[in-house]
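> Return a 3D structure for these sequence lines:
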Amino acid sequence: MFSVIFPGQGSQIVGMGKEFYDKFDLVKELFNEADETLKFPISKLIIEGPKEKLDLTINTQPAIYLISYSIFNVITKEFNINLGDAKYFAGHSLGEYSALSCAGYLSFTETLKILRIRGDAMQNAVPRGEGGMLAVLGSNIEIIEKILVDNKKEIKAQIANDNSDSQIVLSGKVKDLEILDKILKENSIKTIKLPVSAPFHCSLMSNATIIMREELDKLTFQNSGKKLISNVTSEPILHFEELKNLLIKQVENRVRWRESVINMIKNGIIHFIEIGPGKVLSGLVKRINRDVKIDTINNQEDIINLKL
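Have a look, this model is predicted:
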């Protein structure tokens, strides 16, 4: 049994998807449709850059989705590989939108538009420079949770991403993260300040939650019957009616990626297929469980070599 997984922000790179764009009319049509839907040339930005503009959250989110959706459609329509047989569809943060769209819950154009709104809302939820994110390496979730609890009177920070056994990401105000960084280093825990412009997946995103609640309420999701894994719960979404509420909660809540992968494996998954730019999720899955099979689809050769 296999799962299809979709990357989130941070996997973007100028020129991503160009091989597919050059070779397949289907991809050119999707890129053109994206330009028309978003009313700006996102296809040119993806292929030519500049990197600084592509890295803006408002652009990054629809751009990564466009690449994932394009590759998914090349695999299924040009190579006739039935990824619809996946037991689960899952994605990391914005990748959850790629997952639900490729699983048939939301149309291509609606997903583009909601991700543009989501990116803008998350970027502007906190004044630029006020919030940040800190990656913690080589520690585990229990240790980090204890440090946060022990220091909750002095600092307010949250676990934003539980990525793997040795990679956790924290979000909060810059001044709190600076204090926390010192505490972690005093405990011989390695940290890296992430080059992000906002503190995603924490309570500082409350303004973005308000916007996303309003915007998601306007959307009509289709119940395709495919099984989605929620970032918020790390479990399959059992009731279609829960989908919108879980997407709203996702803005301020921890991305439980490590638990999601563990739960999928417990439920019989032995093969993960990452669809989208980069290999971030494949690396995380390897750290969580070295015994599962992992395929990363970044080019045509990867598709040719794909065996379900």
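> what are the phi and psi angles of the residue lying closest to Leu194 once chain neighbours are set aside?
Leaving aside its sequence neighbours, Leu194 sits nearest to Met133 (C-beta to C-beta, 6 or more residues apart in numbering; 4.4 Å). Heads up, the C-betas are built off the backbone N, CA and C, glycines and all. As for Met133, its main-chain torsions (degrees, to the nearest 10) stand at phi -140, psi 150.
> Break down the stretch 201-308 of the chain into its helices, ranges please.
Secondary structure of the stretch 201-308 of the chain, counting by DSSP state H, counting those that start in this stretch: helices at 206-217, 243-250, 257-266, 280-288, 300-304.
> so what does the first one touch, helix or strand wise?
If I follow you right, that is helix 206-217. With contacts taken as 3 or more C-beta pairs under 8 Å, 6 or more residues apart in numbering; DSSP states H and E, helix 206-217 sits against helix 108-123, helix 243-250.
> Pick the most buried one from these.
Highest mean neighbour count of the helices and strands packed on helix 206-217: helix 108-123, a mean of 21 (counted as mean count of other C-beta atoms under 10 Å).
> Quick check: mean pLDDT of that helix?
Helix 108-123 comes out with an average pLDDT of 97.
> helices or strands next to that helix in the packing?
helix 25-38, helix 57-73, helix 95-102, helix 206-217.
> now the third one: mean pLDDT?
For helix 95-102, the per-residue pLDDT values average out at 98.
> tell me which residues in it are buried?
Judged by neighbour count (16 or more other C-beta atoms under 10 Å), helix 95-102 contains these buried residues: 95-102.
> could you give the angle of it to helix 108-123?
170 degrees (axes from the mean of the first three to the mean of the last three C-alpha atoms, to 10 degrees).
> okay, now the domains of this protein?
Domain assignment of the chain by automatic domain parsing yields the ranges 2-125+203-304, 131-193.
> Redo the helices and strands packed on helix 108-123 as a markdown table? Include distance to Lys156.
Output for those, formatted as a markdown table (distance: least, C-beta to C-beta, whole Å):
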| stretch | distance to Lys156 |
| --- | --- |
| helix 25-38 | 35 |
| helix 57-73 | 22 |
| helix 95-102 | 26 |
| helix 206-217 | 13 |
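> Minimum distance to Lys226: which of those helices has it?
helix 95-102 (8.6 Å; C-beta to C-beta).
> tilt between the closest one and helix 57-73?
Orientation check (the same axes, to 10 degrees): helix 95-102 against helix 57-73 gives 40 degrees.
> so what secondary structure elements neighbour helix 95-102?
Judged by 3+ C-beta pairs under 8 Å, 6+ apart, helix 95-102 is in contact with strand 2-6, helix 57-73, strand 88-91, helix 108-123, helix 243-250.
> Now with 7 Å, please.
strand 2-6, helix 57-73, strand 88-91, helix 108-123 (3 or more C-beta pairs under 7 Å, 6 or more residues apart in numbering; DSSP states H and E).
> To Ser197, which of the helices and strands packed on helix 108-123 lies closest?
Of the helices and strands packed on helix 108-123, the one closest to Ser197 (C-beta to C-beta) turns out to be helix 57-73, at 6.9 Å.
> which helices and strands does that closest one pack with?
Using 3+ C-beta pairs under 7 Å, 6+ apart, the elements in contact with helix 57-73 are helix 25-38, helix 42-48, helix 51-54, helix 95-102, helix 108-123, strand 271-275.
> Is it possible to get a markdown table of these that adds distance to Leu308?
Formatted as a markdown table, the helices and strands packed on helix 57-73 follow (distance: least, C-beta to C-beta, whole Å):
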| stretch | distance to Leu308 |
| --- | --- |
| helix 25-38 | 21 |
| helix 42-48 | 28 |
| helix 51-54 | 32 |
| helix 95-102 | 16 |
| helix 108-123 | 24 |
| strand 271-275 | 7 |
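> got the buried residues for stretch 259-275?
259-261, 263-265, 269, 271-275.
> give me the number of residues near Glu214?
Residues near Glu214, counting by other C-beta atoms under 10 Å, number 12.
> So it versus Arg118, what's the distance?
12 Å (C-beta to C-beta, to the nearest Å).
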